[in-house]
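Asks: after the sequence you'll find the predicted model.
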Amino acid sequence: MKQPLGPRKPSFLNLRTINWILRPLDLLEIYARRYGDPFSIGGDNLPLSVYFSHPEAIRQIFTADPATFVCGRENRPLLPILGENSLILLDGERHQRQRRLLTPPFHGERIRTYGQLICGITEQVMSQWQVGEPFCVRSSMQEISLRVILSAVFGLHSGQRFEQLRQLLSSLLDSIGSPISSSLLFFRSLQRDLGPWSPWGHFVQKRQQIDQLIYAEIGQRRKQADYSGADILTLLMLTRDETGKSLTDVELRDELMTLLFAGHETTASALAWAFYWIDQLPEVHDRLIQELDTLAQDLDPGVISRLPYLSAVVAETLRIYPIAMIGFARTLNEPFEVMGYQFSPGTSLVPVIYLTHRREDIYSEPKCFKPERFLERQFSPYEYLPFGGGNRRCIGAALAQMEMKLVLATVLSNLKLSLTDRRSLKPVRRGVTVAPPGGMRMVVTQRQRQKTPVHF
Ligand code: HEM
């Protein structure tokens with residue numbers, strides 16, 4: 001029986017896991033070069049994981065009956081943050097039910113209502129930047145995306161609880177944000193609470209404080225019995241299962257935390273990359289400005305979302321360094337065949353987004369940032385998959401793309417940003433994703449014509 005090649009033995013001192021934490025993209029490239037596509041890790045007496053980048057293999061995985069796999073179990077490193085009732089950790093009927101519930105608030109008309117909010121929040125954050133003073137782009141983008149998701153989830157725009165949640169969530173994610181501190185998620189032996197000064201103790205303390213705030217918000221809503229809001233918490237509180245039972249406070253907390261966690265770091269990292277590429281490539285910047293200059297004085301979120309070149313820049317940003325370098329691992333419940341390989345139950349199949357996006361047979365000059373490719377050709381969902389696919393496809397994809405376009409348009413219509421250091425950057429691990437290095441800083445060098453009422 002044909003088997004994909006790959007390392008079979010446990011690695012010395014867990015070096016493979018350490019490399020996966022510290023140099024994830026290099027490791028994927030090295031294995032793809034050494035063993036081909038697909039490659040596998042494990043086998044013999046170890047669990048087997050098989051990594052695919054061929055679009056046909058990705059198609060077969062994404063279009064299989066969801067009952068073929070379990071997925072949530074493989075996402076257990078996120079359990080300490082998200083809790084066991086998180087959509088990301090669920091499988092089967094419960095997963096489907098929660099997805100049916102959580103998908104509509106992130107689609108169609110509902111996300112369009114966030115358009116003005118996103119532009120307004122971007123203006124507020126922009127107004128903190130001083131001409132000539134360097135600032136950390138990722139942090140600024142995180143401030144924008146966190147405010148947006150807090151509004152969507154809780155309907156909160158300001159107030160003490162909003163501010164506390166905002167600061168604590170940033171701090172929690174920063175505590176696992178560096179390549180080294182990300183190890184906390186991967187090695188259970190490091191998850192020891194030795195007091196607030198120990199890394200895990202600090203993490204646990206922040207998480208408890210966040211939980212208290214979330215439970216306080218849920219408690220207040222229950223007490224006031226006010227379910228008039230259009231926010232996601234209201235929607236979840238009104239939900240009943242087929243037996244008429246509503247979600248418990250712990251279930252609500254886990255689902256809210258999932259949206260807050262998955263819904264802002266990713267978008268913030270993608271936005272930071274977009275600003276990086278736009279500054280690195282003046283021709284991309286100029287073409288974007290030309291496109292934005294065709295717009296009326298007042299930026300209309302609906303019109304911005306449909307701008308072709310801006311959309312292509314966003315798409316290319318998510319292609320070249322996908323924030324999630326791999327999709328969720330799908331572990332087989334039953335025997336399954338992919339491109340002539342037979343796999344037995346217990347094998348994990350992993351779509352490698354990064355390697356698919358780097359295939360020369362799909363993308364010419366894959367290492368080059370070329371937004372035009374998205375104007376010249378339409379890629380299939382198995383060739384271009386920054387948001388994964390199938391029954392686990394990211395529920396926030398539409399919101400994330402709209403948010404990226406609106407933030408870019410609002411900033412670039414008003415300001416010119418430049419990197420303080422023009423050296424080329426490579427992604428670094430940030431928790432379970434990859435992001436631009438934390439030290440990436442930019443500075444406002446010049447203002448564009450004023451479209452929106454921004455004052456410095
Ligand atoms: C640029 C931004 C984002 C990227 C690149 C991204 C990427 C991904 C990827 C690759 C997956 C796994 C899909 C799979 O394996 O098939 C995923 C799942 C998920 N994403 Fe996102 N995401 C982003 C933004 C968001 C936002 C804004 C939200 C908030 C609503 C969100 C919520 C989720 C959730 C809840 C899941 C789990 C879905 C499930 O298990 O059924 N993401 N995302």
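Replies: Yep, that arrived.
Asks: and for the residue nearest the centre of the chain, nearest residue in space, chain neighbours not counted?
Replies: Against the mean C-alpha coordinate of the chain, by CA atoms, centre = their mean, the closest residue is Thr266 at 2.9 Å. Of all residues not flanking Thr266 in the chain, Ile323 sits nearest, at 4.8 Å (CB to CB, 6 or more residues apart in numbering). Using the backbone N, CA and C atoms, a C-beta is placed for each residue, glycine as well.
Asks: from the middle of its chain, how far away would whichever strand or helix holds the residue nearest to the centre of the chain be?
Replies: Here Thr266, judged by DSSP states H and E, is contained in helix 265-280. Centroid displacement of helix 265-280 relative to its chain, using CA atoms, centre = their mean, to the nearest Å, is 12 Å.
Asks: check which helices and strands that helix sits against.
Replies: Contact analysis of helix 265-280 by 3 or more CB pairs under 8 Å, 6 or more residues apart in numbering; DSSP states H and E lists helix 137-154, helix 282-293, helix 308-320, helix 397-412, strand 415-419, strand 433-435 as its packing neighbours.
Asks: in PDB, list the C-alpha atoms belonging to the helix or strand that the longest one is followed by.
Replies: So that's helix 137-154. On the C-terminal side of helix 137-154, the closest following helix or strand by DSSP H and E is helix 160-174. This file holds the C-alpha atoms of helix 160-174, laid out as PDB (Å, rounded to 0.1, in the frame of the first residue of the first chain):
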ATOM      1  CA  GLN A 160     -15.600  50.400  31.900                       C
ATOM      2  CA  ARG A 161     -16.300  46.800  31.200                       C
ATOM      3  CA  PHE A 162     -15.500  47.300  27.500                       C
ATOM      4  CA  GLU A 163     -12.200  49.000  28.300                       C
ATOM      5  CA  GLN A 164     -11.200  46.300  30.900                       C
ATOM      6  CA  LEU A 165     -12.100  43.500  28.500                       C
ATOM      7  CA  ARG A 166     -10.100  45.200  25.700                       C
ATOM      8  CA  GLN A 167      -7.000  45.600  27.800                       C
ATOM      9  CA  LEU A 168      -7.200  42.100  29.400                       C
ATOM     10  CA  LEU A 169      -7.700  40.300  26.100                       C
ATOM     11  CA  SER A 170      -4.700  42.100  24.500                       C
ATOM     12  CA  SER A 171      -2.600  41.300  27.500                       C
ATOM     13  CA  LEU A 172      -3.700  37.600  27.500                       C
ATOM     14  CA  LEU A 173      -2.900  37.200  23.900                       C
ATOM     15  CA  ASP A 174       0.400  39.000  24.300                       C
END
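Asks: A strand includes Leu48, no?
Replies: Yes. Counting by DSSP: H, G, I helix; E, B strand; the rest coil, Leu48 is part of a strand.
Asks: how about the helix holding Thr266 and the ligand, any contact?
Replies: Yes. Helix 265-280 is in contact with the ligand by CB under 6 Å from any ligand atom, via Thr266, Thr267, Ala270.
Asks: just to revisit the earlier point, so the residue nearest to the centre of the chain is in contact with Ala400, correct?
Replies: Yes. In this structure, Thr266 is within contact of Ala400 by CB atoms under 8 Å, at 6.6 Å.
Asks: could you check the pLDDT of Arg449?
Replies: Predicted confidence (pLDDT) at Arg449: the value is 55.
Asks: do the same with Leu292
Replies: As predicted, Leu292 sits at a pLDDT of 93.
Asks: which residues are in contact with it?
Replies: Residues near Leu292 by CB atoms under 8 Å, 6 or more residues apart in numbering: Leu307, Leu310, Ala409, Leu412, Ser413, Lys451.
Asks: of these, just say which sits nearest to the ligand.
Replies: The closest of these to the ligand turns out to be Leu310 (CB to the nearest ligand atom; 15.1 Å).
Asks: for the residue of the stretch 101-250 of the chain found nearest the ligand, grab the count of nearby residues.
Replies: Nearest residue of the stretch 101-250 of the chain to the ligand: Phe106, at 5.2 Å (CB to the nearest ligand atom). By the criterion of other CB atoms under 10 Å, Phe106 has 20 neighbours.
Asks: if we can go back for a sec, in the helix holding Thr266, what counts as buried?
Replies: Buried residues in helix 265-280, defined by neighbour count with 16 or more other CB atoms under 10 Å: 265-279.
Asks: just want the angle from that helix to helix 282-293.
Replies: 110 degrees (axes from the mean of the first three to the mean of the last three CA atoms, to 10 degrees).
Asks: which parts of the protein sit against the ligand?
Replies: Taking CB under 6 Å from any ligand atom as the contact definition, the chain meets the ligand at 87-88, 99, 106, 258-259, 262-263, 266-267, 270, 323-324, 327-328, 386-390, 392-396, 399-400.
Asks: which among those end up buried?
Replies: Listed as buried from the residues of the chain next to the ligand are 87-88, 106, 258-259, 262-263, 266-267, 270, 323-324, 327-328, 386-390, 392, 394-396, 399-400; burial here means 16+ other CB under 10 Å.
Asks: just the residues you listed: which are in helices?
Replies: If you go by DSSP state H, these have Thr258, Leu259, Ala262, Thr266, Thr267, Ala270, Leu399, Ala400 in helices.
Asks: so the fifth one is in contact with Ala400, correct?
Replies: Yes. Proximity of Thr267 to Ala400 meets the contact threshold set by CB under 8 Å, at 4.6 Å.
Asks: look up phi and psi at Thr445.
Replies: Main-chain dihedrals, Thr445, degrees, to the nearest 10: phi -110, psi -20.
Asks: how about it: what's its closest non-neighbour residue?
Replies: Leaving aside its sequence neighbours, Thr445 sits nearest to Ser418 (CB to CB, 6+ apart; 4.7 Å).
Asks: specify the beta-bridge partners of that neighbour.
Replies: Beta-bridge partners recorded for Ser418 (DSSP bridges): Val443.
Asks: got phi/psi on the closest residue to Cys136 other than its chain neighbours?
Replies: The shortest distance from Cys136 to any non-neighbouring residue, by CB to CB, 6+ apart, is to Arg441 (5.7 Å). Dihedral pair for Arg441: phi -120, psi 150, per degrees, to the nearest 10.
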